[in-house]
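K.L.:
Mind looking at a prediction? Sequence and model below.
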Amino acid sequence: MAAAVRTFGNYLRHFTRSVDIVDDRIFEAVRQLVYKYVRDELGATYFSLACTQVVNDVAVLKTLWSSEGEEHFTPIRSSADEYHSQISVSFGQQKPLWIVNPDRRPLRETHTYVDLWSNITNLPPYREPVNRDLRTSIVVPLVHWDRVLGVIYLETASYLEITEVAKDELRLLADALAILYDLQQANRAQATGTRDAISELQDILSTTKFPRLTKPQIFIASSSRADDQVLAIIQEVLDEYSDRLNVVLWSRIEESGSITLQIVEEIAKSRFGMCYFSEPAPASEHRFRDNPNVVFEAGMLHSLTNSPAGRPAGWIPIRERESPPAPFDFAAERMEIVPRNTGGEVIEQRLRANLRQRMNRLLSDDPFQGSPARWKPVMVSWSSEAVPPAGGPAPLTLGGGYRRATVVKAVERVTGIEPASRAWKARALPLSYTRRYGCGERIISRSRRTWTRWRRRTGSSCGPRPTRRRRRGRGRANGCGSARTASRS
């Protein structure tokens, strides 16, 4: 048996069913091929593709392709709720049309039309797309996944008799073009979504504070004439946080260039700040005064800390008690006053304790700081051992071992981490907390009430249980993560 002859429509539909991405360039290239094919095979004088759109709350067929490069808007229905044109009939009834005049006259010169394809009668008046005498008008709806996307229509100057081969070929072309158009629209939607997503990422990158990939930086500002004993204590306390902070002292910036610009850059890169304002004030009613340079640097830290887009998260101002009144902008800040005895000597132990307390609070108030242990996921494990665990005796089990469990802590549901502090919880989005319980090899996250209900419903004896009274001499049923308690001798 001879193999069936494949037409251009067969190859085009096979192509459209094989591709996944169709952009405007591919769509235009296929359009040129289809137009060349119908022009050569059918003698098409005019070829166009129109798809449905809504313009001013009215459904219309908008020309997307046109061999003449023109754009038309054809209403689907008129104000009397009748089809506006012959292509509207094909679109609305989802039927192809092959329209001619029985006398083979140009269609624009007559009001008598015959549909040789679907035999539709009472057709609306013919509306010529170009100013030419056209004798055959062919309209085929574009249908994909039971959705009517539009129509293709071509006009010829000659009178064409309809054939089964022509009908099959035009159906294949319409099916292929419907698939391509759907893929093109999907590609446009994806490209638009991608551009919007990139724009949102740019906004997020410019407005959101993220955890630093390296140790955060703290900038230390002081006068070159400041009390060396106070500076030594500050350095000593900061050394205790060297595993969590990168300390930058203004006096140790050794790069060439403007020292003012370098200080500004270091403050902008810093997550925290500490300013020791005071320096000796000879021939003055006060023993100390504020250094102007430190006041300027503190002003930068203060403004950036209170800015939504600022990088510094907080700073610690330090002053001497025997100083003039604090600058107005810093008056509301909680000053750390250097403690001194009646002889004017620094009370080192108290100053160290105060600085440690302020540093701990500063780090805990930062959502991306805090003790590393607080941010590790909290797991629950159960095991039986042959010897009592360290830290005290445990109830003896019937299996000859001892029951041991880790402490259950509140963790964040999604990330499995604890919040750093109350201040972070107040600034962050509302978090939902849960508890994690161990059940054999599993880790289940539930609230205690939900856990109790689940255990009662399933009959499971996994994990920690609510405290309840038991009759003397009776133990709990043996199960996953639990054991029957026996009396000790």
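P.N.:
Perfect, thanks for sending it. In this text, all values refer to a predicted model and were calculated from it rather than measured experimentally. Residues are numbered from 1 along each chain as shown.

K.L.:
Would you map the strands across the stretch 201-350 of the chain?
P.N.:
Using DSSP state E, counting those that start in this stretch, the strands found in the stretch 201-350 of the chain span residues 217-222, 246-249, 272-276, 278-280, 288-290, 314-319, 336-337.

K.L.:
Highest mean neighbour count out of these?
P.N.:
Highest mean neighbour count among the strands of the stretch 201-350 of the chain (mean count of other CB atoms under 10 Å): strand 272-276, with a mean of 26. Glycine gets a C-beta too; all of them are placed from N, C-alpha and C.

K.L.:
then it to CSV, C-alphas only?
P.N.:
C-alpha atoms of strand 272-276 as CSV (Å, rounded to 0.1, in the frame of the first residue of the first chain):
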residue,chain,number,x,y,z
PHE,A,272,26.6,48.2,64.9
GLY,A,273,28.5,51.1,66.4
MET,A,274,29.9,52.3,69.6
CYS,A,275,31.0,56.0,70.3
TYR,A,276,33.0,57.2,73.3
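
K.L.:
which intervals of the protein have sub-threshold pLDDT?
P.N.:
1-4, 209, 211-212, 254-257, 306-312, 328-331, 365-489 (pLDDT under 70).

K.L.:
Have a look at it and report its longest strand.
P.N.:
Secondary structure assigned by DSSP state E gives strand 44-55 as the longest strand of the chain.

K.L.:
can you list the residues that contact that strand?
P.N.:
With CB atoms under 8 Å, 6 or more residues apart in numbering as the test, strand 44-55 has contacts from 31, 34-35, 38-39, 59-68, 72-74, 76, 87, 91, 129-130, 132, 134, 142, 148-157, 177, 181.

K.L.:
Among the residues you listed, which are located in strands?
P.N.:
In strands, judged by DSSP E, the following of the contacts of strand 44-55 are found: 59-66, 73-74, 142, 148-156.

K.L.:
Show me which of these are buried.
P.N.:
60-66, 74, 142, 148-156 (16 or more other CB atoms under 10 Å).

K.L.:
Would you mind putting the strands of the stretch 201-350 of the chain into CSV with distance to G299 alongside?
P.N.:
Listed next are the strands of the stretch 201-350 of the chain as CSV, based on distance: least, CB to CB, whole Å:
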stretch, distance to G299
strand 217-222, 11
strand 246-249, 18
strand 272-276, 10
strand 278-280, 16
strand 288-290, 11
strand 314-319, 11
strand 336-337, 18
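
K.L.:
Identify whichever of those lies nearest to I263.
P.N.:
Of all the strands of the stretch 201-350 of the chain, strand 217-222 sits nearest to I263, with 8.0 Å by CB to CB.

K.L.:
what pairs with that closest one, and is each one parallel or antiparallel?
P.N.:
With DSSP bridges as the test, strand 217-222 is paired with strand 246-249 (parallel), strand 272-276 (parallel).

K.L.:
got the ones you listed as JSON lines, with distance to S364 columns?
P.N.:
Formatted as JSON lines, the strands paired with strand 217-222 follow (distance: least, CB to CB, whole Å):
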{"stretch": "strand 246-249", "distance to S364": "18"}
{"stretch": "strand 272-276", "distance to S364": "12"}
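
K.L.:
and of those, who's closest to K95?
P.N.:
Nearest of the strands paired with strand 217-222 (CB to CB): strand 272-276, 74.2 Å.

K.L.:
okay, the angle between the strand or helix carrying S199 and strand 44-55?
P.N.:
Assigned by DSSP states H and E, S199 belongs to helix 164-207. Counting by axes from the mean of the first three to the mean of the last three CA atoms, to 10 degrees, helix 164-207 lies at 40 degrees to strand 44-55.

K.L.:
by contact count, what packs against helix 164-207?
P.N.:
Judged by 3 or more CB pairs under 8 Å, 6 or more residues apart in numbering; DSSP states H and E, the packing partners of helix 164-207 are helix 8-16, helix 24-42, strand 44-55, strand 136-144, strand 147-156.

K.L.:
about what we covered before: what's the closest of the strands of the stretch 201-350 of the chain to K167?
P.N.:
In terms of CB to CB, the element of the strands of the stretch 201-350 of the chain nearest to K167 is strand 217-222, at 75.9 Å.

K.L.:
Run through who's touching that closest one.
P.N.:
With CB under 8 Å, 6+ apart as the test, strand 217-222 has contacts from 231, 234, 238, 245-251, 266-267, 269-276, 291, 293-294, 297-298, 301.

K.L.:
do stretch 274-285 as well
P.N.:
Taking CB under 8 Å, 6+ apart as the rule, stretch 274-285 contacts 218-223, 225-227, 230-231, 234, 238, 287-291, 294-295, 297-298, 301, 315-320, 323, 338.

K.L.:
Can you give me the first-to-last residue distance of that stretch?
P.N.:
Stretch 274-285 has an end-to-end distance of 26 Å (CA to CA, to the nearest Å).

K.L.:
Same question for stretch 337-356.
P.N.:
Using CA to CA, one end of stretch 337-356 lies 14 Å from the other.

K.L.:
before we move on, back to that, which one of the strands paired with strand 217-222 lies closest to R108?
P.N.:
strand 272-276 (81.5 Å).

K.L.:
by how many degrees do that closest one and strand 314-319 diverge?
P.N.:
Angle, strand 272-276 to strand 314-319, by the same axes, to 10 degrees: 10 degrees.

K.L.:
Find the nearest non-adjacent residue to K269, please.
P.N.:
Q217 (5.8 Å; CB to CB, 6 or more residues apart in numbering).

K.L.:
coming back round to it: adding distance to P280 as columns, could you present the helices and strands packed on helix 164-207 in TSV?
P.N.:
What follows is these, written out as TSV (distance: least, CB to CB, whole Å):
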stretch	distance to P280
helix 8-16	85
helix 24-42	74
strand 44-55	79
strand 136-144	85
strand 147-156	84
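
K.L.:
Which one, of these, ends up nearest to L363?
P.N.:
Closest approach to L363 among the helices and strands packed on helix 164-207 (CB to CB): helix 24-42, 53.7 Å.

K.L.:
Show residues contacting the closest one.
P.N.:
8, 12, 19, 44, 47, 49, 65, 67, 138, 154, 156, 160, 166, 173, 177, 180-181, 184, 188.

K.L.:
rerun at 7 Å
P.N.:
8, 44, 47, 65, 67, 154, 156, 160, 173, 177, 180, 184 (CB atoms under 7 Å, 6 or more residues apart in numbering).

K.L.:
ok, so what distance separates the closest residue to the first one other than its chain neighbours from L149?
P.N.:
It refers to F8. Leaving aside its chain neighbours, F8 sits nearest to Y37 (5.3 Å; criterion: CB to CB, 6+ apart). Distance of Y37 to L149, computed by CB to CB, to the nearest Å: 20 Å.

K.L.:
and if you look at E285?
P.N.:
In terms of CB to CB, E285 sits 87 Å off from L149.

K.L.:
Could you do T207 as well?
P.N.:
40 Å.

K.L.:
Please tell me how far A189 sits from L355.
P.N.:
Distance of A189 to L355, given as CB to CB: 57 Å.

K.L.:
Kindly report the same for E161.
P.N.:
According to CB to CB, E161 and L355 sit 99 Å apart.
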